[in-house]
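Asker: Quick one: sequence plus predicted model below, questions after.
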Amino acid sequence: SSLVSLKSPFLEGRVKFKEGFKALYLNEGKNSGLSAPAGMVILGDTLAVADVDKIAIFTIEDNGELKPLTSFPIKGAQSLGAIVKIGSNSIAVADAKANKIYKIENCLDADSRLISILTSKIRNPTGLLADDGQLFIVSPSSNKLYIYDLAADKPDRSIAIGPKAKQGQTGFVSIARGLE
């Protein structure tokens with residue numbers, strides 16, 4: 001099974017769970033509370049969705065349905081998009097308009113949740129990929145791939161990525177590992 005984010009003016013605010021050829025819409029006939037979901041990540045049996053200026057958390061039921069659990073605002077966020085798991089209960093989320101990468105520790109626990117800015121020195125961060133203690137960040141505006149060392153909690157290096165990225169070529173697709 002896989003989770004697919006639908007981003008379309010005609011399907012605004014919908015998240016789709018896809019299992020084989022079966023598709024379930026979260027807000028079929030109901031308002032999901034999402035404005036413009038742009039990124040999502042699975043954390044155990046929950047789904048975290050980046051939605052403009054908040055993170056929405058859903059429980060993934062055994063039958064594949066998504067049940068709203070909670071949502072919380074990210075102060076100062078303008079356009080949350082790419083989101084990745086960086087720890088058992090922690091995520092990183094990019095805000096391309098605010099030029100920030102937020103780190104959210106204990107994101108499933110409101111009492112111990114900690115939101116901080118991982119970095120605000122990367123212009124237009126649009127793609128994130130976490131692997132082996134590193135966070136890879138795509139910045140088409142800077143024409144670079146930045147590598148952030150999560151263990152040391154500091155930027156490591158940047159790599160030029162060629163001609164300016166065309167619109168729509170602004171993120172990562174992780175297919176090397178298949179579905180996890």
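Answerer: Noted; the coordinates are in hand. Numbering: from 1, shown residues only.

Asker: so what's T70 up against?
Answerer: A56, I57, A110 (C-beta atoms under 8 Å, 6 or more residues apart in numbering). Backbone N, C-alpha and C define where each C-beta goes, glycine included.

Asker: Which of the residues you listed fall in strands?
Answerer: A56, I57 (DSSP state E).

Asker: which one among the contacts of T70 gets closest to V41?
Answerer: Distance to V41, by C-beta to C-beta, is smallest for I57 among those, at 10.6 Å.

Asker: so which strand or helix has the nearest residue to I161 once chain neighbours are set aside?
Answerer: Setting aside the residues directly before and after it, I161 is nearest to L145 in space (C-beta to C-beta, 6 or more residues apart in numbering), at 5.2 Å. Element membership of L145, judged by DSSP states H and E, is strand 144-149.

Asker: Equivalent analysis for Y102, please.
Answerer: For Y102, the host element (DSSP H and E) is strand 100-105.

Asker: quick one on the thing from earlier: from the contact counts, what lies against the strand holding L145?
Answerer: Of the remaining helices and strands, those touching strand 144-149 by 3 or more C-beta pairs under 8 Å, 6 or more residues apart in numbering; DSSP states H and E are strand 134-139, strand 154-160.

Asker: out of those strands, deepest packed?
Answerer: Stretch with highest mean neighbour count among these: strand 134-139 (a mean of 22; mean count of other C-beta atoms under 10 Å).

Asker: strand partners of it, parallel vs antiparallel please.
Answerer: strand 127-131 (antiparallel), strand 144-149 (antiparallel) (DSSP bridges).

Asker: List the buried residues for the shortest one?
Answerer: This means strand 127-131. Under the neighbour-count criterion of 16 or more other C-beta atoms under 10 Å, strand 127-131 has G127, L128, L129, A130 buried.

Asker: and it, how far from the chain's centre?
Answerer: Relative to the chain's own centre, strand 127-131 is displaced by 9 Å; criterion: C-alpha atoms, centre = their mean, to the nearest Å.

Asker: do the same with the longest one
Answerer: Relative to the mean C-alpha coordinate of its chain, strand 144-149 is positioned 17 Å out (C-alpha atoms, centre = their mean).

Asker: got it, and stretch 114-132?
Answerer: Computed by C-alpha atoms, centre = their mean, the chain-centroid distance of stretch 114-132 equals 10 Å.

Asker: worst-scoring helix or strand of this structure, pLDDT-wise?
Answerer: Least confident element among the helices and strands of the chain, by mean pLDDT, DSSP states H and E: strand 22-25 (a mean of 32).

Asker: ranking the helices and strands packed on strand 144-149 by mean pLDDT, which is last?
Answerer: If the helices and strands packed on strand 144-149 are sorted by mean pLDDT, strand 154-160 sits at the bottom with a mean of 89.

Asker: Okay, now the sheet partners of that strand, with direction.
Answerer: strand 144-149 (antiparallel).
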